[in-house]
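Colleague: Make a model of this:
(chains A and B)
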Number of protein chains: 2
Amino acid sequence: MVTIQKPSIPKGTRDFGPMEMIKRRYIFDTIKTVFEKYGFLPLETPSMENLSTLLGKYGEEGDKLLFKVLNSGDFLKDLSQKDLEEGNSAAAGVKISEKGLRYDLTVPFARYVVQHQNEIVFPFKRYQVQPVWRADRPQKGRYREFYQCDVDVVGSDSLLNEVELIQIISDVFAAFKVSVTLKLNNRKILYGISESIGHADKMTDITVAIDKLDKIGLENVNAELESKGLDSDAINRLQPILTLQGDNETKLECIKSMISGSETGMKGIEEVETILSVVQALNIPLQPELDLSLARGLNYYTGAIFEVKANDFAIGSISGGGRYDDLTGIFGLKGVSGVGVSFGADRIYDVLTGLNLFPEDTNITTKVLFVNFGGKEQIAALKLLSQVRNAGIAAEIYPESVKMKKQMDYANKRSIPYVVLIGENELISGQATVKEMKKGEQKTIPFEELIDFFA
Amino acid sequence: MVTIQKPSIPKGTRDFGPMEMIKRRYIFDTIKTVFEKYGFLPLETPSMENLSTLLGKYGEEGDKLLFKVLNSGDFLKDLSQKDLEEGNSAAAGVKISEKGLRYDLTVPFARYVVQHQNEIVFPFKRYQVQPVWRADRPQKGRYREFYQCDVDVVGSDSLLNEVELIQIISDVFAAFKVSVTLKLNNRKILYGISESIGHADKMTDITVAIDKLDKIGLENVNAELESKGLDSDAINRLQPILTLQGDNETKLECIKSMISGSETGMKGIEEVETILSVVQALNIPLQPELDLSLARGLNYYTGAIFEVKANDFAIGSISGGGRYDDLTGIFGLKGVSGVGVSFGADRIYDVLTGLNLFPEDTNITTKVLFVNFGGKEQIAALKLLSQVRNAGIAAEIYPESVKMKKQMDYANKRSIPYVVLIGENELISGQATVKEMKKGEQKTIPFEELIDFFA
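Modeller: Reported below is the predicted structural model:
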């Protein structure tokens, strides 16, 4: 027997009660509906992956943030006194744990593509909506278990895939009625910049520094660049990029003249121009904004990169992604290029809440409550209830014939819009009394017309 | 850098590719639709629970089968040399792990109800569809990660809840077009039987033995009862129950005469009679069959118990559940009665596959593929594609203007029913060539009529 404890859940995790669930489902369903309209197929991978699949894919920091699952049975058998003295978690960890919880959806997807390469029809358009786990320090808006919504195409270099993802982003946020800005850049351009200021070797440092422009401002970016060993000449030549203004055409012209010497850079320009011209030809409602300071942390991106921000609500990026040329190489399948974006469900939830954009009906569930008067009235109510439900209308009867007030309280707290009363008189007249809870109005509806009334 | 490995997943876990996903979603959506028609609300709890919440709830065996999650940071600090020598996994386990993966949906639900008792509107009708994890030895049909679909009402003793669950079971399998048998029994009757043969103390042994009647047959059941210390007289008096035949009324009469001395037993009879009479009054298509040999392993059931089997496919029970009077007591909330059933998604999947009952459209996803001819034909195709998608029709364009054959192969392998060709001539005539892949027929459809054609 276990002693009674005050129940709680692990820090950084959440229960999702009915009202949150209904709002979250609205978010996931809206996104999935768009994905499927574009021919993307659903995929699910196991929550646990072999640690050999996960380790080394997210950098040292990431390895530390993996949740490891204890081997079943006697997991101590391989553990030595030395392990204890060293307290070397990493080394000992492998001995007592061979599995870890999924850290993102990208690496399991890459693993899946390689493992199933012979069954998969390429180009493979897949979407995946599943939780991921990270042993991060929990804080506002950061959780240890959260959902990711990823959509990717692998096995095609065509820039039409980038265009399609822009259309998807446009459709998704149009469906949410959220006004957003879509920023577009290209890793090849960033390489071209590094190259043309004579620091191709420092592309990552430069990228990382540029990425912080919004947050820390120009001076600090320059200071960081200097600290990374860029000479003042290089830093000076970088300034026009950092301070670049104007529309996409203007920016492209300026950057062209600057990086014309870099073949890779010019390839990046060409890619951006192609994407923008198709987006324009199709006049997609959401036109991307070229932002040369957009870098995105993750280093596996090799081409286009995207980032989406809400215009009327202050929160980080709510969607983002890009092109990666060698996702599956790490698992032995070379030359499979992919491009994808990810939607941040939790942040989108906060935006829709903050801007009050959830549809009305995301807080109504049951539409009709039949009051329970017991006896033959109860049987009559149960029969009508079955008919209403068979018509596809969500309906309930209060399970006990308790006081009217208690049953009405239930309807109110559950925000059930209609209450049906079938008492003695209603049973005789064959007409139900229907109460509209919001207006407080009462109507008399013949039993046989109830379904049409609620439909 | 990590060395290249042949990718694999942990034993007992599964990848769900697109075609499985679409079939599984059909199962989950069908079940959820019924749940919501009856006014049940969705709930999700975290994948990880504190071990203090999980341990001791599933018996010693269950504790062993919990997947434990390694504490982050230096999880060895509290581990002593003694722990190593003893190799005592249980004791050491607690030191290096405070969290475990959800083992079922019932205990987390109980934890949720107690933790949120002040926000919850009772009676609380909730459903939950989430994966659970068990470190069982994997074998055919038994996995280490699998979904459960639970539906429960807590906070109401009314037998109308039992009736409603019977309606739900009836509706769910009618929706699947699967013919099933629903067996009904009541734990109070089983107690009454034990009592009336003078072995109230041995109710569990008797229940467990009776439960095996289908599997091991009458002799072996009797042998087991004897081994548990029942005298031959008691076993003899049990025989009429074990061999009881006939319709529900006959069975009830026989059992009544036998256990009339047991107050609890007669209460159970009364419950069964009430449930059966309402079920009959509503003439629910699926009428339950009273089966006094039905016991169900789990010991927390205290009233009605249910079990569902498919009539035309040999597999274990595909749904089951019952009434439990003290679910939340273990977490300090007394006197909350509940009743619920669980649907076995994996077995239902096997039944629908075996009987070929998945709807046609569960293997079609994208409806239309536009062939990619590049150049201005491509732009024209992209514009029509957007219109088709905006009409809510799932459509794609092949991302590259490669050989016709390759694009047709893609359509075939993806079982896309319609292929649209917009080449030079079509562009001039303003009429698309539409190929129906199944029949191999070709039609000519004016651009402006394409949507109506596919809608």
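
Colleague: Am I right that A:P131 falls within a strand?
Modeller: Yes. Membership of A:P131 in a strand is supported by DSSP: H, G, I helix; E, B strand; the rest coil.

Colleague: Quickly list what it is bridged to.
Modeller: Under DSSP bridges, the beta-bridge partners of A:P131 are A:Y147.

Colleague: just A:A304 next, same as before
Modeller: A:N186.

Colleague: Just the helices from the stretch 51-200 of chain A, written as ranges.
Modeller: A:51-54, A:59-65, A:81-86, A:89-96, A:106-115, A:160-175, A:187-196 (DSSP state H, counting those that start in this stretch).

Colleague: Same list (those helices) but as JSON lines, adding mean pLDDT and mean neighbour count.
Modeller: Bear in mind the C-beta positions are built from the backbone N, C-alpha and C, glycine included. What follows is the helices of the stretch 51-200 of chain A, written out as JSON lines (pLDDT from 0 to 100; neighbours: other CB atoms under 10 Å in any protein chain shown):
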{"stretch": "helix A:51-54", "mean pLDDT": "94", "mean neighbour count": "22"}
{"stretch": "helix A:59-65", "mean pLDDT": "89", "mean neighbour count": "13"}
{"stretch": "helix A:81-86", "mean pLDDT": "67", "mean neighbour count": "13"}
{"stretch": "helix A:89-96", "mean pLDDT": "66", "mean neighbour count": "18"}
{"stretch": "helix A:106-115", "mean pLDDT": "96", "mean neighbour count": "23"}
{"stretch": "helix A:160-175", "mean pLDDT": "98", "mean neighbour count": "23"}
{"stretch": "helix A:187-196", "mean pLDDT": "94", "mean neighbour count": "24"}
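
Colleague: Can you add distance to chain B and give the ones you listed back as JSON lines?
Modeller: Formatted as JSON lines, the helices of the stretch 51-200 of chain A follow (distance: least, CB to the nearest CB, whole Å):
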{"stretch": "helix A:51-54", "distance to chain B": "6"}
{"stretch": "helix A:59-65", "distance to chain B": "8"}
{"stretch": "helix A:81-86", "distance to chain B": "6"}
{"stretch": "helix A:89-96", "distance to chain B": "5"}
{"stretch": "helix A:106-115", "distance to chain B": "4"}
{"stretch": "helix A:160-175", "distance to chain B": "5"}
{"stretch": "helix A:187-196", "distance to chain B": "20"}
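
Colleague: As a markdown table, these with distance to B:T181 would be great.
Modeller: Formatted as a markdown table, the helices of the stretch 51-200 of chain A follow (distance: least, CB to CB, whole Å):
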| stretch | distance to B:T181 |
| --- | --- |
| helix A:51-54 | 44 |
| helix A:59-65 | 50 |
| helix A:81-86 | 56 |
| helix A:89-96 | 47 |
| helix A:106-115 | 39 |
| helix A:160-175 | 45 |
| helix A:187-196 | 61 |
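
Colleague: wait, which of those helices is closest to B:A432?
Modeller: For B:A432, the closest of those is helix A:160-175, at 18.8 Å, according to CB to CB.

Colleague: just checking, what packs against that closest one?
Modeller: Counting contacts by 3 or more CB pairs under 8 Å, 6 or more residues apart in numbering or on different chains; DSSP states H and E, helix A:160-175 packs against helix A:18-37, strand A:145-154, strand A:180-186, helix A:263-281, strand A:304-310, strand A:319-324, strand A:338-343, helix B:375-390.

Colleague: give me every residue that touches A:S170.
Modeller: By CB atoms under 8 Å, 6 or more residues apart in numbering or on different chains, the contact set of A:S170 is A:L182, A:I284, A:P285, A:L286.

Colleague: farthest-separated two in those residues?
Modeller: Pairwise distances across the contacts of A:S170 peak at 10.5 Å for A:L182 and A:P285 (criterion: CB to CB).

Colleague: So the two - more neighbours on which side?
Modeller: The neighbour comparison of A:L182 against A:P285 (other CB atoms under 10 Å in any protein chain shown) goes to A:L182, with 22 against 10.

Colleague: From A:S170, how far off is that one?
Modeller: 8 Å (CB to CB, to the nearest Å).

Colleague: Any chance of JSON lines for the helices and strands packed on helix A:160-175, columns distance to B:K6?
Modeller: Converted to JSON lines, the helices and strands packed on helix A:160-175 look like this (distance: least, CB to CB, whole Å):
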{"stretch": "helix A:18-37", "distance to B:K6": "30"}
{"stretch": "strand A:145-154", "distance to B:K6": "19"}
{"stretch": "strand A:180-186", "distance to B:K6": "34"}
{"stretch": "helix A:263-281", "distance to B:K6": "33"}
{"stretch": "strand A:304-310", "distance to B:K6": "31"}
{"stretch": "strand A:319-324", "distance to B:K6": "22"}
{"stretch": "strand A:338-343", "distance to B:K6": "21"}
{"stretch": "helix B:375-390", "distance to B:K6": "39"}
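
Colleague: Minimum distance to B:I275: which of the ones you listed has it?
Modeller: The minimum distance between B:I275 and the helices and strands packed on helix A:160-175 falls on helix A:18-37, with 27.2 Å, by CB to CB.

Colleague: The helix or strand following the closest one packs against which elements?
Modeller: The helix or strand immediately downstream of helix A:18-37 is strand A:41-42, counting by DSSP states H and E. Judged by 3+ CB pairs under 8 Å, 6+ apart, strand A:41-42 is in contact with strand A:124-133, helix B:18-37.
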